[in-house]
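Engineer: My questions are about this predicted structure, shown below with the sequence.
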2 protein chains.
Amino acid sequence: MPTDLIPALAAAPPGDAARSCPLDGYTVESQVGFLLRRAHQRQTAVWQACMAEGIGEKELTPRQFSALVKVVLHGRVTQNQLGRMAAMDPATIQGVVRRLIARGLVDRALDPMDRRTAVLTATPAGVALASRGVAHARRATEKTLAPLSQTERRTLLDLLARIA
Amino acid sequence: MPTDLIPALAAAPPGDAARSCPLDGYTVESQVGFLLRRAHQRQTAVWQACMAEGIGEKELTPRQFSALVKVVLHGRVTQNQLGRMAAMDPATIQGVVRRLIARGLVDRALDPMDRRTAVLTATPAGVALASRGVAHARRATEKTLAPLSQTERRTLLDLLARIA
DNA sequence: GCTCGGTCGTTCGCACGCAAACGATCGGGC
DNA sequence: GCCCGATCGTTTGCGTGCGAACGACCGAGC
């Protein structure tokens, strides 16, 4: 299969194996998984840009922001509860929370009722940052969905929610 | 939504700060970013399941499979070229390719014309695995999109492609 | 020649994402 | 009171994802 052609033009035949049709017309870029990954990548990139120029200081990642907002809105939460709300498993939320605490955006307290758990609360700084972040988050959403009409945006959100 | 289940106590007021409305109705789970992440997570999980019971041996990850398929279909490719085709930056594709080579699915050769580049080719084992994988990949897609009608599936793919 | 801007692949560092295993603890049933 | 299964949070290990810096190399222009 590696027909030894001069690598002059990388435009070599579409792969000798391809013609013998072992993949039967399978195309990577028409797969849901691929498109979801691409779209998610792009969304993250847009987010970073909006947050960076909006908040500046050590930009918050999308996950950190989601977690922070959840803590702000829900008051006292357990770490694992938070993870479930933000769609992160215990191992992942652990790191996210650690960073939020390290930056003074979230506080941790022991629960006298259940010594296994640690109750999380947003600090004033956390609440403030979340408030300021919302505007930038909305901008990121707007920018990500820019190519779509209002109707299409609703459709997309609906379809995504149904396969999630 | 996932309103708190058991811990009666944790049902504390929806966050004192929440009532003062600092986030102005912002909800994490209605954000594109969040839904994309959720959907992508689920797709990956479904994929792993389909691949594991289908191929068994050290399941291929979705990215590894995408890259392998690209190599099979395109014959001779450069690593960075492959990265661009599969939507992975140079730092990322490096690791993916390293693993594919380690498992004997891809070969690497020096290009006498350009000593910077390394030309990649699929090994017979790589072609074979890609072929066998396609069926399982299709099953994964089917399973992921199961909640949607045929029309909705096309719509979703179209919308995703447009924001990617 | 030779310099210079651009590309190729690599490495490092950090942030997810998740399986797996762990010790500590809780709650229920006996 | 004691045992047992379930939960909580943690760590380890591996695989992405990407910015940043790097040394090697190409091609164009002087």
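Structural biologist: In hand now; what should we look at?

Engineer: Could I get the CA-only coordinates of stretch A:77-90 as PDB?
Structural biologist: C-alpha atoms of stretch A:77-90 as PDB (Å, rounded to 0.1, in the frame of the first residue of the first chain):
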ATOM      1  CA  VAL A  77     -23.200  22.400  48.500                       C
ATOM      2  CA  THR A  78     -21.200  19.200  49.000                       C
ATOM      3  CA  GLN A  79     -18.300  18.600  46.600                       C
ATOM      4  CA  ASN A  80     -19.800  15.600  45.000                       C
ATOM      5  CA  GLN A  81     -23.300  17.200  44.800                       C
ATOM      6  CA  LEU A  82     -21.600  20.100  42.900                       C
ATOM      7  CA  GLY A  83     -19.900  17.600  40.700                       C
ATOM      8  CA  ARG A  84     -23.200  16.100  39.700                       C
ATOM      9  CA  MET A  85     -24.800  19.500  39.100                       C
ATOM     10  CA  ALA A  86     -21.900  20.600  36.900                       C
ATOM     11  CA  ALA A  87     -21.500  17.200  35.200                       C
ATOM     12  CA  MET A  88     -18.100  16.300  36.500                       C
ATOM     13  CA  ASP A  89     -17.100  13.100  38.300                       C
ATOM     14  CA  PRO A  90     -15.600  13.200  41.800                       C
END
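
Engineer: Show residues contacting that stretch.
Structural biologist: With contacts defined as C-beta atoms under 8 Å, 6 or more residues apart in numbering or on different chains, stretch A:77-90 is touched by A:63, A:66-67, A:70-71, A:74, A:92-94, A:96-97, A:111, A:117-120, B:2, B:4, B:7, B:10, B:28, B:34, B:37-38, B:41. For every residue, glycine as well, the C-beta is placed using N, CA and C.

Engineer: what does stretch A:120-133 give?
Structural biologist: A:51, A:54-55, A:60, A:65, A:68-69, A:71-72, A:75-79, A:82, A:97, A:100, A:104-109, B:15, B:17, B:22-23.

Engineer: just checking, which of the residues you listed belong to helices?
Structural biologist: A:51, A:54-55, A:65, A:68-69, A:71-72, A:79, A:82, A:97, A:100, B:17 (DSSP state H).

Engineer: most surrounded residue in those?
Structural biologist: The most neighbours of any of the ones in helices among the contacts of stretch A:120-133, using other C-beta atoms under 10 Å in any protein chain shown, belong to A:V71, which has 28 neighbours.
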